[in-house]
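**Q** Model the structure of this input:
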Amino acid sequence: MRRAIALAVAAAIAWPLAGCGRETNHDVRVSIEQIASIGSEGSLMADDLARGRTKTTYVRVHGEELSSQAEHEAEKLNDAPVDPALHARIDKAIGLSSEISGAIDDMRVSPDDPQVARQAQQDLKKWADEARQIAGSI
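**A** Now for the predicted structure:
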């Protein structure tokens, strides 16, 4: 009887954990959508910076937050055990995340350079669109 109870308890504990270890397509899509969102927000910030409608302090502080979020999403995607069929799309999303983070960091370093901001705005918008397309394909 004890053995049957022990097996039942073990099965009850193990069953919810059976899906652990693999990210679902939904989880991957959400992370990639987050990367797209960060790129879009960075693009808006770059546009404001290029037009002289924001302060250096804001760009540096909020830019650091956005850059860190992009890196965090890339780390999550890199570390997550996923279906091998998603690897190419995840690798592309990680690359986009790195580009997005780098463009935001470029603005943080040179917040008084409108040319850097204009280029960042164009690049960030393009990369955000690419990330959205990847997310939509999952």
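
**Q** Quick check: residue 25 vs residue 107, distance?
**A** 33 Å (C-beta to C-beta, to the nearest Å). From N, CA and C alone the C-beta is placed, and that goes for glycine too.

**Q** Compare the two and say which is more crowded by neighbours.
**A** Taking other C-beta atoms under 10 Å, residue 25 and residue 107 do not tie; residue 107 has more neighbours (26 against 13).

**Q** got a list of what that one touches?
**A** With contact set as C-beta atoms under 8 Å, 6 or more residues apart in numbering, residue 107 has these partners: 42, 45, 46, 49, 59, 63, 116, 117, 120.

**Q** Tally up the residues packed near the closest residue to it other than its chain neighbours, please.
**A** Using C-beta to C-beta, 6 or more residues apart in numbering and skipping the chain neighbours, the partner closest in space to residue 107 is residue 120 (5.2 Å). Number of residues near residue 120 (other C-beta under 10 Å) recorded here: 27.

**Q** and the longest helix for the protein?
**A** Longest helix in the chain, counting residues (DSSP state H): helix 25-50.

**Q** In the next helix or strand after that helix, which residues are buried?
**A** The C-terminal neighbour of helix 25-50 among helices and strands, as given by DSSP states H and E, is helix 56-79. Neighbour-count burial for helix 56-79 flags 59, 62, 63, 66, 67, 69, 70, 71, 73, 74, 76, 77 (criterion: 16 or more other C-beta atoms under 10 Å).
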